[in-house]
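> whatever this is, show me its structure:
(chains A and B)
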Amino acid sequence: MTNKDLADVIFPHITKTVADYEAMYPQRNLKEGACVTRFAPSPTGFMHLGGFFQAIIDKLIVQNRDGIFYLRNEDTDQKREVEGATDLIMSTLNHYDILPNEYQFKEKIVGNYGPYIQSERKEIYQTFIKHFIEIGRAYPCFATKEELEELRSAQEKIKARTGYYGRYARYRNLPIEEAIKKIEAGESYVIRFKSMGDFEKKFKFMDEVRGLLYLPENDEDFVIMKSEGGLPTYHFAHLVDDVLMRTTHVVRGEEWLSSVPKHVELFETFGYPIPKYIHTPLIVKKEENSVRKLSKRKDPEATMQYYEENGYPKEAVIEYLMTIINSNYEQWHTENPDKKFLDFQFDPKKMSATGGALFDMDKLNNISKNSISKMTKEELLEESYAWASKYNEQLKEIIDQDRNYYRAILNIERESSKPRKDITTYSDILNNIWYMYDDLFEKEETYEFMKITDKEEIKKITKTYMDKYFSVEDDKETWFAKIKSLCDALGYASNMKEYKQNPEAYKGNVTDISTVLRVALTKKAQTPDLYEIMQILGKDKMIERFEKLS
RNA sequence: GGCCAGUUGGUGAAGUGGCUUAACACACUGCCCUUUCACGGCAGCAUUCACGAGUUCGAAUCUCGUACUGGUCACCA
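Predicted structure coming up:
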């Protein structure tokens, strides 16, 4: 009995060879220096911020060098699989313009290196596993859960390193005859890799972010194929897929760093070149006195859905993540305002290796605010309308009522060198403009009058203003000159310096008068430019609102 | 506990032996501008790079030790 017999008993249906697959998926014909990257999420029904972060890097590496960025669906854990997960991933990548070059989606395969769904690659994995068994580098293991738990507690008791390795690898040297007998008797088993490594020895490993590392060799006989379903574990799928799909750069979270010895031994056993690894910092959150990974259960901001729903412009989300990816990005972007994020030259060496970047909502909000302030009125109209159509019916209705009116409101103090920055997200817009709409204006009950609260005085100010000083034709200078005249006429100081020198001589100053007009028209003490608001409101509406006060 | 990584202001960080009396951005504070707010401008915010020792004429930058933080040790990825 030989290993070959064992392999045939386990995989009687596998007829192809490793060489067949190597031929089917030949070396890619790429330009000099072009890279192949992948985004390989497991379909859990969420698009995690951390995964998205990696997808940006994947895209960045490939961009401008005619490389290939592909999406691979890692669905080997059927227990966790969620229906429609790929839809969500694709739509998120699409929303942010980082679509892959190759993918498999809705029965459609784009690219010659598929299938890109792991559960459809079972035969391929099994071919490789079969080969491993034949060459004596993999074997069936019949250890039960209980057996493994016992092993673990025994190891803990004598303070040995836990795990299935060396002399603890109970089924490693099981005679082939016995193994076959057990299999034929229908016993449950997994396939384990037979490691030849020595934990006491170190090897050199080049991490693209951290530089040269010395890691201990792997000596664990880890599982490469699960008992149910015959699907591989991550480690083995990583080997097979990234070899056959000809991946050159693996971008993944730094939680994988400690599995590197396993992967290196796997690649070396086959004699395949090891891809370059970019282990990215995790995005973490502060809690009490510790930090932890963003969790989709506890932190809504951990999923990409959050940013879409709350109306963050996509450029803002990208820009924020870019500042974490390479902190010189912000500077680069201010120096190259017309370039897109994909033009940026990503350098893994410049990425922080600090083991965790604290998620900073303040920073994101600031970026978002700036990004909205730079939009033209037309852009903001389109973007906010698209957002409202999905997430805010009230805003959508308002826009539908009168697009021109809405556009005019958005344009207040916009499209200038120093635009306003008071809208953080699209979901913020309504809070900032409601008073321009009669029904919303009616609903608000309180007027935020400040210094002048006397009804008669307010009435006098508004009436005098409308009767003698207001004209729609005035430009801004004339308009303000008239406000000043109004001040003078009613005993308020039009000149702030004079007022400050002798406040007793006046009833108040131009600020007080402006505030009265502002609050009377908007109910709010703080609004954008009053002149523009009056222009948009128009004379009739102004009179109407002033009269409501009596 | 073993192994691995990391440790520069409240936050993201620049920095790779002298150009650093530690960049930039966010946050915060104060002042100025101003019809309110937002914007903008100016200034302040780490005498010091976790701590200790060593190498060196010279260290945030190199070496060692300690402490702390994080990751990992699954038939999850």
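> just to check, residue A:137 is in contact with residue A:197?
No. Taking CB atoms under 8 Å as the contact criterion, residue A:137 and residue A:197 are not neighbours in contact, 11.7 Å apart. For glycine as for every other residue, the C-beta is placed from the backbone atoms N, C-alpha and C.
> does any part of the worst-scoring helix or strand of chain A on mean pLDDT sit near RNA strand B?
Taking mean pLDDT, DSSP states H and E as the measure, the helices and strands of chain A show their lowest mean at helix A:496-501, namely a mean of 79. Yes. Contact of helix A:496-501 with RNA strand B is found when judged by CB under 7 Å from any atom of the strand, involving residue A:496.
> what are the buried residues along that helix?
When burial is assessed from 16 or more other CB atoms under 10 Å, helix A:496-501 yields the following buried residues: residue A:499.
> and if you look at stretch A:98-112?
By neighbour count, with 16+ other CB under 10 Å as the criterion, the buried positions of stretch A:98-112 are A:98, A:100-105, A:111.
> who does the lengthiest helix in chain A touch, helix- and strand-wise?
Across chain A, the longest stretch assigned as helix under DSSP state H is helix A:530-548. Applying 3 or more CB pairs under 8 Å, 6 or more residues apart in numbering; DSSP states H and E, one finds that helix A:530-548 contacts helix A:403-410, helix A:476-490, helix A:510-522.
> which other residues reach it?
Residues from elsewhere that reach helix A:530-548, judged by CB atoms under 8 Å, 6 or more residues apart in numbering: A:405, A:408-409, A:412-413, A:436, A:438, A:441, A:462-463, A:466, A:470, A:472, A:476, A:479-480, A:514, A:517-518, A:520-522, A:527.
> same check, this time on stretch A:316-325
Everything outside stretch A:316-325 that qualifies as a contact, by CB under 8 Å, 6+ apart, is A:49, A:52-53, A:56-57, A:60, A:96, A:281, A:283, A:304, A:307, A:329-330, A:333, A:341, A:344, A:346, A:351-352, A:357, A:363-364, A:367-368, A:370-372.
> and the average pLDDT for the helix or strand hosting residue A:22 is what?
Counting by DSSP states H and E, the element that carries residue A:22 is helix A:18-24. In this model, helix A:18-24 has a mean pLDDT of 96.
> list the buried residues in that helix.
Judged by neighbour count (16+ other CB under 10 Å), helix A:18-24 contains these buried residues: A:18, A:21.
> what about chain A, any weak spots by pLDDT?
Confidence mapping of chain A against pLDDT under 70 gives the ranges A:288-289, A:550.
> can you pull the contacts of the most centrally placed residue in it?
A centroid search over chain A (CA atoms, centre = their mean) returns residue A:49, at 3.6 Å, as the residue closest to the centre. Under the criterion of CB under 8 Å, 6+ apart, the contact list for residue A:49 reads A:283, A:294, A:301-304, A:321, A:359.
> which residues of the stretch 301-450 of chain A fall in helices?
In order along the chain, the stretch 301-450 of chain A carries the following helices (DSSP state H, counting those that start in this stretch): A:304-309, A:314-325, A:329-335, A:361-373, A:377-391, A:393-401, A:403-410, A:429-433, A:438-443.
> actually, the stretch 151-300 of chain A.
Assigned by DSSP H, counting those that start in this stretch, the stretch 151-300 of chain A shows helices spanning A:176-184, A:234-244, A:260-270.
> so how far is the least confident helix or strand of chain A from its chain's centroid?
Between the mean C-alpha location of helix A:496-501 and the chain-wide mean there is a distance of 53 Å, by CA atoms, centre = their mean, to the nearest Å.
> show me what that helix is packed up against.
Checking 3+ CB pairs under 8 Å, 6+ apart, helix A:496-501 ends up next to no helix or strand.
> for that helix, which outside residues touch it?
Residues outside helix A:496-501 that contact it (CB under 8 Å, 6+ apart) are A:493, A:506, A:509-511.
> next one: stretch A:389-405
Contacts of stretch A:389-405 with the rest of the structure, by CB under 8 Å, 6+ apart, involve A:308-309, A:311, A:381, A:384-385, A:388, A:406, A:426-427, A:429-430, A:436-437, A:536.
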